[in-house]
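**Q** Sequence and predicted model, in that order:
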Amino acid sequence: MYSDKRPREFYILAIFFAVFVLFLYGPLSAVLILSFQGPNGGLTFPLNGVSLHWFANLFETQAVGDFGGSFRRSALLGVLVMVVTVVVSLLAGLAFRRRFIGSTALFYLAIASLVVPSIIISLGIGVLFQQIGLQPSWLTSAFGAHLTWTLPFGVLIMFAVFNRFSPAYEEAARDLGATSWQTFRHVVLPMIAPSLIGVGLFGFTLSYDEFARTLMTSGTYNTLPLEIYGMTTNVTTPVLYALGTVTTVFSFLVIAGTLGLIVRLNRRRLQA
Amino acid sequence: MTTVRVFGIGERKDRRSVRLSPAAVSYLQATPLTVILAAFLLVPILMILVVSFWDYDFAQMYPDFLTMNYTETLGSWVTWKIYLNTLKYALMVWALTLFIGFWVAYFLAFHIRTTAMQMVLFLVCTVPFLTSNIIRMISWIPVLGRNGLVNSLLIDAHVISEPIEWLLYSDFAVVLAMVHLYTLFMVTPIFNTLMRIDKSLVEAARDAGASSWQTLTNVILPLAKPGMAIGTIFVVTLVMADFSTVQVMSGGQSASVALMMKNQMSLLQYPAAAANAVVLLALVLLMVAGILRIVDIRKEL
């Protein structure tokens, strides 16, 4: 496409970028490899044989806490947070298209939600529940705590989307006699659907991996990140890596599935 | 929580059946966000503020108005050292992530020529961010440990005869892991601003005889400042709030404000933790307010 030669700067930066990617993925691949450690192998290289021993170990409940239960809780919590994040961010994004009294305050409240240290949210909600006399649980207090992390991302994304959204499409729909609900359902929604899926992906993964906010808000039952965090201090076998591999592969599957969905949607829109 | 979702659904029906004024619609649409942030952000922070003046013993808290929690924490040399240590981490991680983040974003925005390739490479950078932080953190252990990958390689290559001890469980490990975890937060906003720079500006600079270095320092860097500012907000607040990386990667030899809070919380000293929370929050908000004076976030989105 371009015939001019790449400048030297390009090659230097390309190497820099490659090293950066290696830095991002290198350690992760060490965990992936070491999770196939033989039954007598330790936490470091070299591999002492190759086996699925530690994966089997993972699913014996007695060996390492309640992996299955915490995984189910985290996944369900992630889905709930995702749904609420998408709906609430979309509504807020629509609201912010018009200036209303308090809109600036609400916007900065969302920014504040992003910058307030997570452990402060955890402490605040924990103490609040204790004082009202409510039992903290992963479905109530942890759910709210996660929303304070996922909503600002969702709101900022929707804000950016609607900043670039031309009102001409809606005006055209309205000129053709569409009601405001029809305009939204058949014009606006299909156009922003990929972004909404992106918000959903953020909502799910941020919640699924969150643990500082869950620390004091999860109540009796641990979520998966809390379980893993507990393991870092008292588990000294590669079962820790097996768990890491399983959750990472799960995350990758979720990301790949979502991206596939976005690409499909975009392609269909281009064909239409 | 159900009330919140009922708001969202009820509002749409309202719009269909009854004609609402545009302002009313905006308010209804903004209500769920407001309610959630009020309940799980504002009220808990107010609660912390109140509790920070309370009295406590080993078992419970007593409503009171004491400044003891503040004088105790701020009067202690240990606390000041921990605050300084946290700021030191923030400064180091900020400088490193800014450097790495800028060059990565610059490479993606100005040296990759097709949009499709840009998006693919950007996704390559983003995917690790969507996986578990703790797993990414502990993944350094087999790499940096005493018998880890780096040490074995260096010994096999006869560069060193004894394993290097400070690779893991040290300040070095903490900063490295934080850079690993948080650089994405710098790359994304800078990439976003760089992508919005009109390419004809760069061409104009080149036509006017600027070298690529001059173009970079006089055209691109000034225009990239808002992205850098937003990235800085992310990185600084994340480092200031971090306790797990410090705990795991320093092997308990170093402390941060959030880690100190976490230890107080595990000892049920909530009012003491609350006082620290108030100080930390004030510090973080001051830093963010300072950065926001440079950049208008609403304009940058």
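**A** That came through fine. Predicted model only: the values in this text are computed from it and were never measured.
**Q** Excluding residues flanking it in the chain, which one is nearest A:V188?
**A** A:E170 (6.6 Å; CB to CB, 6 or more residues apart in numbering or on different chains). Glycine gets a C-beta too; all of them are placed from N, C-alpha and C.
**Q** just A:L58 next, same as before
**A** A:A242 (4.9 Å).
**Q** sorry, back to before: pretty sure the residue nearest to A:V188 is in contact with A:W181, am I right?
**A** No. Assessed by CB atoms under 8 Å, A:E170 is found out of contact with A:W181, at 12.0 Å.
**Q** Compare neighbour counts for these two and give me the winner.
**A** A:E170 (17 against 12; other CB atoms under 10 Å in any protein chain shown).
**Q** Show the contacting residues for that one.
**A** A:T183, A:V187, A:V188 (CB atoms under 8 Å, 6 or more residues apart in numbering or on different chains).
**Q** Which ones among these lie within strands?
**A** Taking DSSP state E as the definition of strands, the contacts of A:E170 contribute nothing to them.
**Q** For chain B, state which of those residues is nearest.
**A** A:T183 (11.0 Å; CB to the nearest CB).
**Q** Stretch B:208-217 and chain A in contact?
**A** Yes. Using CB under 8 Å from any CB of the partner chain, we find that stretch B:208-217 touches chain A at B:S212.
**Q** correct me, but A:T183 touches A:R174?
**A** Yes. Taking contacts as CB under 8 Å, A:T183 lies within contact range of A:R174: 6.1 Å.
**Q** In terms of neighbours, single out the busier of the two.
**A** Between A:T183 and A:R174, A:T183 has the larger neighbour count (other CB under 10 Å), namely 18 against 15.
**Q** rewinding a little: any idea of the mean pLDDT for the helix or strand that the residue nearest to A:V188 is a member of?
**A** If you go by DSSP states H and E, A:E170 is part of helix A:168-175. Taken as a whole, helix A:168-175 carries a mean pLDDT of 89.
**Q** domains for chain B, by residue range?
**A** B:1-51, B:70-300 (automatic domain parsing).
**Q** Could you report the pLDDT at B:V18?
**A** The model's pLDDT for B:V18 equals 60.
**Q** Next, A:Q37: phi, psi?
**A** The phi/psi pair for A:Q37 (degrees, to the nearest 10) reads phi -50, psi 140.
**Q** distance between whichever strand or helix holds B:A95 and the chain's centre?
**A** Following DSSP H and E, one finds B:A95 within helix B:77-106. Relative to the centre of its chain, helix B:77-106 is centred 11 Å away, using CA atoms, centre = their mean, to the nearest Å.
**Q** So is it next to chain A?
**A** Yes. Residues of helix B:77-106 contacting chain A under CB under 8 Å from any CB: B:I100, B:W103, B:V104, B:Y106.
**Q** can you pick the most crowded of these?
**A** That'd be B:V104 among the residues of helix B:77-106 next to chain A, by other CB under 10 Å, with 24 neighbours.
**Q** Now do the contacts for that residue.
**A** So, once contact is read as CB under 8 Å, 6+ apart, B:V104 ends up touching A:F16, A:F17, A:F20, B:C125, B:T183, B:V187, B:F191.
**Q** Based on its surroundings, how many neighbours for residue 138?
**A** Using chain A here. 23.
**Q** wait, chain B
**A** 24.
**Q** now swap in A:R269 and tell me
**A** For A:R269, using other CB under 10 Å, the count is 12.
**Q** That one touches A:I262, doesn't it?
**A** No. Applying CB under 8 Å, one finds A:R269 not in contact with A:I262, separated by 10.7 Å.
**Q** Name the residues contacting each of the two.
**A** Common neighbours of A:R269 and A:I262 (CB under 8 Å, 6+ apart) do not exist.
**Q** and the residue nearest to A:V188, how far is that from chain B?
**A** As judged by CB to the nearest CB, to the nearest Å, A:E170 and chain B stand 13 Å apart.
**Q** got a list of what B:M178 touches?
**A** B:M178 sits in contact with B:Y89, B:V93, B:V239, B:D242, B:T245, where contact means CB under 8 Å, 6+ apart.
**Q** quick one: secondary structure of it?
**A** helix (DSSP: H, G, I helix; E, B strand; the rest coil).
**Q** ok, back up a step: is the residue nearest to A:L58 in a helix, a strand, or coil?
**A** Going by three-state DSSP: A:A242 is helix.
**Q** Isn't it up against A:S35?
**A** Yes. Assessed by CB under 8 Å, A:A242 is found in contact with A:S35 at 4.4 Å.
**Q** Of those two, which one has the most company?
**A** Just comparing A:A242 and A:S35: by other CB under 10 Å the higher neighbour count belongs to A:A242, 26 against 22.
**Q** picking up where we left off before, and the buried ones among the contacts of B:V104, selectable in ChimeraX?
**A** With 16 or more other CB atoms under 10 Å in any protein chain shown as the burial test, the buried ones among the contacts of B:V104 are selected in ChimeraX as follows:
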select /A:17,20 /B:125,183,187,191
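**Q** B:I160 and B:G148, how far apart?
**A** For B:I160, the distance to B:G148 (CB to CB, to the nearest Å) stands at 13 Å.
**Q** So for these two, which residue has more residues nearby?
**A** Between B:I160 and B:G148, counted using other CB under 10 Å, the more crowded position is B:G148 (21 against 11).
**Q** I'd guessed the more buried one sits against B:P142; true?
**A** Yes. Contact criterion CB under 8 Å: B:G148 and B:P142 qualify, at 5.6 Å.
**Q** which of the domains of chain B sits most buried?
**A** domain B:70-300 (a mean of 18; mean count of other CB atoms under 10 Å in any protein chain shown).
**Q** Look at that domain and report the distance between its end residues.
**A** With CA to CA, to the nearest Å as the measure, domain B:70-300 spans 38 Å from end to end.
**Q** again, but for stretch A:34-41
**A** End-to-end distance (CA to CA), stretch A:34-41: 9 Å.
**Q** where are the low-confidence patches of the chain?
**A** As the question left the chain open, I've gone with chain A. A:1-4, A:61-65, A:272 (pLDDT under 70).
**Q** meant chain B actually
**A** Using pLDDT under 70, chain B drops low at B:1-19, B:301.
**Q** now the closest residue to chain A within it, nearest residue through space, not along the chain?
**A** Nearest to chain A in chain B, going by CB to the nearest CB, is B:P44, at a distance of 2.7 Å. Spatial nearest neighbour of B:P44, excluding adjacent residues (CB to CB, 6+ apart): A:G124 at 2.7 Å.
**Q** mind listing what residue 251 touches?
**A** I'll assume chain A. So A:S251 contacts A:T205, A:Y208, A:D209, B:L130, B:T131, B:S132 (CB under 8 Å, 6+ apart).
**Q** sorry, should have said chain B
**A** B:L168, B:Y169, B:S170.
**Q** What sits closest to the second one if chain neighbours are left out?
**A** Closest residue in space to B:Y169, ignoring its immediate chain neighbours: B:G251 at 3.1 Å, by CB to CB, 6+ apart.
**Q** For B:T131, what are phi and psi?
**A** phi -110, psi 170.
**Q** I'd assumed A:D209 was in contact with it.
**A** Yes. Between B:T131 and A:D209 there is a contact at 6.8 Å, judged by CB under 8 Å.
**Q** how far away is B:M117 from A:A14?
**A** 12 Å.
**Q** Same question for A:G200.
**A** 33 Å.
**Q** Compare those two and say which one has the larger neighbour count.
**A** A direct count of neighbours by other CB under 10 Å for A:G200 and A:A14 places A:G200 higher, at 21 against 14.
**Q** So the more buried one lies in a strand, does it not?
**A** No. Membership of A:G200 in a strand is not supported by three-state DSSP, which gives helix.
**Q** thought it was touching A:T85?
**A** Yes. The pair A:G200 and A:T85 qualifies as a contact (CB under 8 Å) at a distance of 7.1 Å.
**Q** who are the neighbours in contact with A:F159?
**A** A:G93, A:F96, A:F107, B:R298, B:L301 are the contacts of A:F159 under CB under 8 Å, 6+ apart.
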